[in-house]
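In: here is my input; please provide its structure:
(2 chains)
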Amino acid sequence: MADIQAPRKSNTSILNSIAFRGVAYQVLLAAGVAFIGYYLYVNVNANLERQGIATGFDFLSEDAGFDIGESVIPFDSSQSYGRVLVAGILNTLHVAIVGVFLATIVGVLMGIARVSRNWLVSKLASGYVEVCRNVPVVLHVIFWASVIRNLPSPRQAITPFDGIFITNRGIIYPIPEAHGIYPWLGVALVVGIIGAFVLGRRAQKRREETGQFIPTFWPGLGLILGLPTVVWLAAGAPLVWDVPALRGFNYQGGASLTPEFVALLIGITVYTGAFIAEIVRAGIQSVQHGQVEAARSLGLRPGLVMRLVILPQALRVIVPPTTSQYLSLTKNSSLGVLIGYPDLVNVGNTTLNQTGQAVEAIAIMMLVYLLISLTISVFMNTYNRLVAIQER
Amino acid sequence: MVDSAAPLPGQKPAAEPAATKTTTPPPVEKIGVLRWLKENLFSSPFNTVLTIITLFLLADWIPSFFQWGVIDAVWYTTDHNVCRAADGACWAVVAEKHRPMLFGVYPYEEHWRLVVALIVYMITIILTLTPRFWNLKILVPLWIVGGGTVALMLWGGLFGLTYVDSSQWGGLPLTMVLFTGTVVIGFPISILFALGRRSHLPAIKAICVTLIESMRGVPLITILFVAVNVFPLFLPEGMEIDKLFRVIVGMAIFFACYQAEVIRGGLQAIPRGQYEAAEALGLGYWQHTVKIIMPQALRICLPGIVNHIIAALKNTSFVLIIGLFDILTATTAVMQDPLWRRFFVEAYLFVAVVYFIFCYALSKYSQKVEGWLSEGRRF
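Out: Numbers count the residues shown, from 1 in each chain, chains lettered A, B, ... in the order given. Now for the predicted structure:
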């Protein structure tokens, strides 16, 4: 071997130092981003000034001057843009929450059906999943909106059950008339749920201490359903239905779901349900069969095998991807703008067209969706930590 | 990474020794029809009840659907009154309106150019997806010729073809342009974003994380609104960028942010030893990324990549909101025709079938590729 050579001069150049290069790249990138940002800001200001469009969020307190089809909070056109945007946000949350709830039910049922040993049932569920997943959600929503628009008019309403009317003006259904005892039924329900929870905790503690198994399912269910029933009966079982009836061209009484709400809800539920079904299927199949056999050989009954062995392991696989499905359902609820459901994007779009303040209106939409997404993520991540593997 | 042990895609692995192949056929009672029925439909009382209920429902639905869709259906007519008189489906609406549905507002006499463009496009895609042609010497000329022909057919303006502005493009060709543009522009960006998010340099990482997370937190509609309504405000006076191009870039960035997360997952799955070995060989950052890390990472996350490519295809339909005439917008517009609007179910079913064929074919293809890639590799 020759003598160790002195390092060549070019290698000592600062340009070849990894640390220096790292700093240089970052400074260049940051400067680039800052420059582009500044350039765009200058352009926007110049353009807005030239077109005579105001900037800032002052428009929020101005009169909106347009009405929206439905709202969770009372709203009329003499109220401000700020209020109409809040109404839009609440409508978005309304359809998203109901949608998440329904899509979960559809997805879990279809996911279980796909792994069913019944050939017919599993093939039908596969058919649903493949068809609905491979068709755009936009088409789902448009299709259902057209279907509902072409339903019969209120005079020829479809009545699957007495008192329920399916028409092109929406779905009208009876509700019980308000009564002083009803708020207390809600209180009784909450007390029942808390009671069932405490019962379950105590039974689990007892089982861990003594090994004695105490059934909690039926007593718990009894508490949750029984307590409100007892309160209701004690108050003399008041129940008067407010049944809708046809007056002129529309129905009076009862409650109704607007056609836009129903169309959007069916569209996003059917679409997201197919994805959740796939996730549930993968989750159930991820639990090895040996686990089931081991649980059975310990003498657990089938229901307990599902609850204590399969579900806890499957949930670990199911929860994270389901979170992103919930997020995508919430974001897809923005398709309300297509069919006239007054969600945030629809209301924001009208605001944008009326005030011309595109930057502010779109910024509000994006920020609200970011906040909603963040909240759902935090919530689901907490739940995920609860079901995640607990290493001891 | 060169993996000489893996057989070429599409090639069968070497035959296994004959000894393991000799198996006795199963006993007769295990393969009969009755056996199958008992195992798959009537294995338990619950399953039997389920089967009977399902069969009952199917017996109710299938004949009436068949009656509507086939027996009573009108297959071809140019008179909407014939359809109105019929009890069944009016497939004639597809035959009658296929031109505006498939080609949108593109000048009627020039529709043949779109047919040529679609055929060339499909040939280019099919050749690209065939393993035998996975060679840059073939793919680069193929895409130059294919892309050039499609562009020439769509735009025209040369060789005596009349010029058609991109605002007049529509229907299936527009869906194809949106989809291809999104993936071709978005994919390289997604790789850069994924690498940026994994970078050790804090400023680069912070910018990538912020961008990816905020794009993933908002609906695609808002991105499209930005591209259509806000972006023109960003440009200096007098400068304009084609609306279609702005939309494609918006969708590409949206696509890239989702794809970047998938690729990041693949990058995280690469064992540390691969990086260290590459560094020990003296490879620089780009060399080891391009030659060692990326090929392995992309292979690992292929299913996720294809899922998002399929999502990109479905997402092209969002342009309905901003008034670009893709196949769905064109169909919706056709359904405004008061003479034919009541046959919307048939028209939308047709569009659904078009989307389904492409998406389903893509997902089946990706399963096949996974099979090729995993041959000879068990890790």
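In: neighbours of A:Pro39, how many?
Out: Pro isn't right for residue A:39; it's Tyr. Per other Cβ atoms under 10 Å in any protein chain shown, the neighbour tally for A:Tyr39 reads 12. Quick note: C-beta positions are derived from backbone N, CA and C, even for glycine.
In: what helix or strand is it located in?
Out: A:Tyr39 belongs to helix A:18-51 when assigned by DSSP states H and E.
In: and after that helix, which helix or strand comes next?
Out: As assigned by DSSP H and E, the chain's next helix or strand after helix A:18-51 is helix A:81-114.
In: so A:Leu225 makes contact with A:Gly192?
Out: Yes: using Cβ atoms under 8 Å, A:Leu225 is in contact with A:Gly192, at 7.3 Å.
In: between these two, who's got more neighbours?
Out: Comparing A:Leu225 with A:Gly192 by other Cβ under 10 Å, the one with more neighbours is A:Gly192, at 22 against 13.
In: surely that one is in a strand?
Out: No: assessed by DSSP: H, G, I helix; E, B strand; the rest coil, A:Gly192 does not belong to a strand; its assignment is helix.
In: for chain A, tell me whether the one helix or strand B:Leu37 maps to is touching it.
Out: For B:Leu37, the host element (DSSP H and E) is helix B:33-40. Yes: legend: contact between helix B:33-40 and chain A by Cβ under 8 Å from any Cβ of the partner chain is shown at B:39-40.
In: kindly export stretch B:294-302 (C-alpha atoms) in PDB.
Out: Taking Å, rounded to 0.1, in the frame of the first residue of the first chain, the C-alpha atoms of stretch B:294-302 are listed here in PDB:
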ATOM      1  CA  MET B 294     -37.200   4.300  -4.900                       C
ATOM      2  CA  PRO B 295     -37.400   1.000  -6.900                       C
ATOM      3  CA  GLN B 296     -38.000  -0.900  -3.700                       C
ATOM      4  CA  ALA B 297     -40.300   1.600  -2.100                       C
ATOM      5  CA  LEU B 298     -42.500   1.900  -5.200                       C
ATOM      6  CA  ARG B 299     -42.700  -1.900  -5.500                       C
ATOM      7  CA  ILE B 300     -43.900  -2.200  -1.800                       C
ATOM      8  CA  CYS B 301     -46.600   0.400  -2.100                       C
ATOM      9  CA  LEU B 302     -47.900  -0.400  -5.600                       C
END
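In: identify the residues contacting it?
Out: B:1, B:191, B:262-263, B:265-267, B:269-270, B:274, B:305, B:366, B:369-370, B:373 (Cβ atoms under 8 Å, 6 or more residues apart in numbering or on different chains).
In: tell me the domain boundaries of chain B?
Out: Listed domain ranges for chain B are B:30-71, B:166-329+B:353-374 (source: automatic domain parsing).
In: near chain A, which residues of the stretch 151-300 of chain B?
Out: Residues of the stretch 151-300 of chain B lying near chain A (Cβ under 8 Å from any Cβ): B:200-204, B:207, B:214, B:216-222, B:225-226, B:229-230, B:232-237.
In: so A:Ile172 sits in a strand?
Out: Yes: when three-state DSSP is applied, A:Ile172 is found to be in a strand.
In: ok, the residue nearest the centre of chain A to chain B distance?
Out: For chain A, the residue sitting closest to the mean C-alpha position, by Cα atoms, centre = their mean, is A:Val100 at 3.7 Å. The spacing between A:Val100 and chain B, counted by Cβ to the nearest Cβ, to the nearest Å, is 15 Å.
In: give me the spatial nearest neighbour of that residue, chain neighbours excluded.
Out: Excluding the flanking residues, the one nearest A:Val100 by Cβ to Cβ, 6 or more residues apart in numbering or on different chains is A:Tyr326, at 5.2 Å.
In: what helix or strand is that neighbour located in?
Out: Assigned by DSSP H and E, A:Tyr326 belongs to helix A:311-332.
In: please save the CA atoms from that helix in CSV.
Out: Only the C-alpha atoms of helix A:311-332 are listed here, as CSV (Å, rounded to 0.1, in the frame of the first residue of the first chain):
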residue,chain,number,x,y,z
LEU,A,311,-63.2,-7.7,17.5
PRO,A,312,-60.4,-6.2,19.6
GLN,A,313,-57.8,-7.5,17.1
ALA,A,314,-59.8,-6.6,14.0
LEU,A,315,-60.5,-3.1,15.3
ARG,A,316,-56.8,-2.4,15.4
VAL,A,317,-56.7,-2.9,11.7
ILE,A,318,-60.0,-1.3,11.0
VAL,A,319,-59.9,2.0,12.9
PRO,A,320,-57.0,4.0,11.1
PRO,A,321,-58.3,3.5,7.5
THR,A,322,-61.9,4.1,8.6
THR,A,323,-60.8,7.5,10.0
SER,A,324,-59.7,8.6,6.6
GLN,A,325,-63.0,7.3,5.1
TYR,A,326,-64.9,9.5,7.6
LEU,A,327,-62.7,12.4,6.6
SER,A,328,-63.4,11.8,2.9
LEU,A,329,-67.1,11.5,3.5
THR,A,330,-67.1,14.8,5.3
LYS,A,331,-65.2,16.4,2.4
ASN,A,332,-67.4,14.7,-0.2
